[in-house]
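A.B. asks: Got a predicted structure plus its sequence, pasted below:
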Amino acid sequence: MIIVLLWLFILAILYTYFGYPALLTLLARLRPEPEPFPRLIPSVTLLVPAYNEEAVITQKVENSLNLDYPDEKFQVIVISDGSDDRTADIVLGYADQGIELSHSDERLGKMGAIQRAIPLVRGEIIVFTDATNFFEPNAIQELVLPFADPSVGVVTGAKSIIQGDGAMGASEGFYWKYESFILRQENRLGCCTAASGDSMAIRREIYDAGDTDVFTEDFHMAMRVIRRGYRVIHAPKVPSYERVSISAKYEKERRARIVAGRYQAIFMAHKLLPPDRPLVAWQIISHKFMRPLVPLFMIGALLSNLLIAAKPEAPKIYEILLYFQFIFYAAALIGNFVKTSDAFGKLLYLPTFLVNSNIAALMGLYRFLTKQQTVLWKRVPRREEDALNREK
């Protein structure tokens with residue numbers, strides 16, 4: 001029985017990381033490449049939720065002003081959610097250039113802050129982005145193109161990690177390339193199962209706040225759109241650039257909040273999964289619901305392997321498998337202390353990234369079960385802020 005459990009845990013891990021992408025790719029190859037969308041120039045509102053972002057808000061506003069989109073069809077609103085630094089004052093300094101500010105001294109959380117600003121929206125398409133993410137000049141043009149198809153309700157861009165932040169930045173960048181590959185395959189099947197809040201667009205007419213007490217508003221928003229019969233499309237030509245957190249500790253903090261939201265979504269599956277779209281439901285379960293369970297599978301695999309290998313009559317393969325697990329976790333531990341950005345450092349940080357991500361998932365599970373996670377997100381310092389602070 002323990003041997004069966006061990007292989008079930010191993011298969012669950014392999015399916016989540018490799019099996020699902022492989023099956024997805026195979027199914028996607030049976031579908032033709034989607035036709036390019038015709039040019040579309042709807043009116044757009046860019047929403048930028050911000051909490052104490054004085055270190056980067058100037059860069060974000062300047063980046064937004066440099067986007068190549070007709071001024072008469074483009075609105076930018078910065079939503080200051082209880083900021084008590086200079087964020088609101090800095091944004092007000094751009095009022096003569098058309099930048100609008102929605103500020104409240106009360107913190108409501110990202111979804112509550114967005115909901116407060118919705119009455120100010122004039123665009124047919126709402127684009128959500130974070131203060132720490134930056135667009136290429138043509139990003140909005142590319143992001144709105146899929147809306148030429150009336151079945152498309154949400155379009156999400158591709159997150160790109162700015163290079164030059166060592167092994168952690170390289171590993172984070174590799175992860176988002178992996179995610180982008182999965183989303184491209186899901187695109188060919190007709191609908192993606194992920195939406196990133198740093199570059200996500202939605203039709204104003206179908207925007208639905210839903211529950212404002214969710215921890216991952218972008219995912220819930222996309223799932224509600226899917227449940228209503230619309231499609232979510234990935235726009236790989238719309239990268240939004242971001243620096244990694246200044247340390248693995250802060251990266252764990254960020255991921256823990258996201259995974260707490262994923263567990264929240266699992267418990268809300270009856271309200272999120274589309275009952276009449278089994279293919280999409282399979283994609284959501286495989287891509288988004290199984291990923292947070294991987295640390296539980298990893299713990300199960302290690303414990304069951306220990307119990308099996310402890311028996312004198314156990315086959316040699318289980319001893320080898322246990323050694324492999326020990327080496328993997330040892331490499332992950334060492335990777336936390338290796339700061340080199342050469343090939344060895346990047347290779348070593350891959351197991352570190354995976355293990356740290358799954359430790360963060362356990363933290364997220366604990367926060368969700370103990371109700372410690374709230375809608376009030378904590379700021380995670382980024383590398384560009386660290387550089388700015390050193391210059392001061």
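C.D. replies: Yep, that arrived. Numbers count the residues shown, from 1 in each chain.
A.B. asks: contacts and neighbour counts: CA atoms only from here.
C.D. replies: Fine.
A.B. asks: just so I have it, where are all the helices in the stretch 101-250 of the chain?
C.D. replies: Taking DSSP state H, counting those that start in this stretch, the helices of the stretch 101-250 of the chain run over residues 110-117, 139-144, 166-189, 217-227, 248-267.
A.B. asks: which stretches of this protein form strands?
C.D. replies: Along the chain, the stretches classed as strands by DSSP state E are 44-50, 74-81, 99-104, 125-128, 134-135, 152-161, 200-203, 231-242.
A.B. asks: Name the surrounding residues that touch the longest one.
C.D. replies: Applying C-alpha atoms under 8 Å, 6 or more residues apart in numbering, the contact partners of strand 231-242 are 132-136, 139-140, 142-143, 146, 151-162, 180, 183-184, 187, 190-195, 198-199, 222, 225-226.
A.B. asks: quick one: strands adjacent to that strand?
C.D. replies: When pairing is defined by DSSP bridges, strand 231-242 lines up against strand 134-135 (antiparallel), strand 152-161 (parallel).
A.B. asks: out of those strands, deepest packed?
C.D. replies: Of all these, strand 152-161 carries the top mean neighbour count, a mean of 25, counting by mean count of other C-alpha atoms under 10 Å.
A.B. asks: Take the strands of the chain and write them to CSV, including mean pLDDT.
C.D. replies: Formatted as CSV, those follow (pLDDT from 0 to 100):
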stretch, mean pLDDT
strand 44-50, 95
strand 74-81, 95
strand 99-104, 94
strand 125-128, 96
strand 134-135, 90
strand 152-161, 85
strand 200-203, 95
strand 231-242, 84
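A.B. asks: Quick one: closest of those to Phe267.
C.D. replies: Closest to Phe267 of those is strand 231-242 (C-alpha to C-alpha; 21.9 Å).
A.B. asks: Which parts of the closest one count as buried, going by neighbours?
C.D. replies: By 16 or more other C-alpha atoms under 10 Å, the buried positions in strand 231-242 come out as Arg231, Val232, Ile233, His234, Ala235, Pro236, Val238, Pro239, Ser240, Tyr241, Glu242.
A.B. asks: who does the last one bridge with?
C.D. replies: When bridges are assigned using DSSP bridges, the partners listed for Glu242 are Ile161.
A.B. asks: The stretch 251-392 of the chain: helices as residue ranges?
C.D. replies: Using DSSP H, counting those that start in this stretch, the helices of the stretch 251-392 of the chain run over residues 269-272, 278-284, 294-309, 316-335, 343-369, 383-391.
A.B. asks: Asn63 is nearest to which of the ones you listed?
C.D. replies: helix 383-391 (14.6 Å).
A.B. asks: Any stretches of the stretch 101-250 of the chain with poor pLDDT?
C.D. replies: 161-173, 209-212, 243-250 (pLDDT under 70).
A.B. asks: so which of the strands of the chain comes closest to Val338?
C.D. replies: Nearest to Val338, of all the strands of the chain, is strand 152-161, at 20.3 Å by C-alpha to C-alpha.
A.B. asks: As TSV, the helices of the stretch 101-250 of the chain with mean neighbour count would be great.
C.D. replies: Shown next, in TSV, are the helices of the stretch 101-250 of the chain (neighbours: other C-alpha atoms under 10 Å):
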stretch	mean neighbour count
helix 110-117	20
helix 139-144	22
helix 166-189	20
helix 217-227	23
helix 248-267	21
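A.B. asks: Name the residues of stretch 359-367 that are buried.
C.D. replies: Those would be Ile359, Ala360, Ala361, Leu362, Met363, Gly364, Leu365, Arg367, for stretch 359-367 by 16+ other C-alpha under 10 Å.
A.B. asks: Stretch 37-56 too?
C.D. replies: Buried residues in stretch 37-56, counting neighbours by 16+ other C-alpha under 10 Å, are found at 42-56.
A.B. asks: tell me which of the residues you listed is nearest to Glu253?
C.D. replies: Nearest to Glu253 among the buried residues of stretch 37-56: Tyr51, at 16.4 Å, using C-alpha to C-alpha.
A.B. asks: Pull the contacting residues for Cys192.
C.D. replies: With C-alpha under 8 Å, 6+ apart, Cys192 has these contacts: Leu183, Glu186, Arg231, Val232, Ile233, His234.
A.B. asks: Show me what stretch 26-38 is in contact with.
C.D. replies: Contacts of stretch 26-38 (C-alpha under 8 Å, 6+ apart): Leu145, Pro146, Ala148, Asp149, Gln185, Glu186, Arg188, Leu189.
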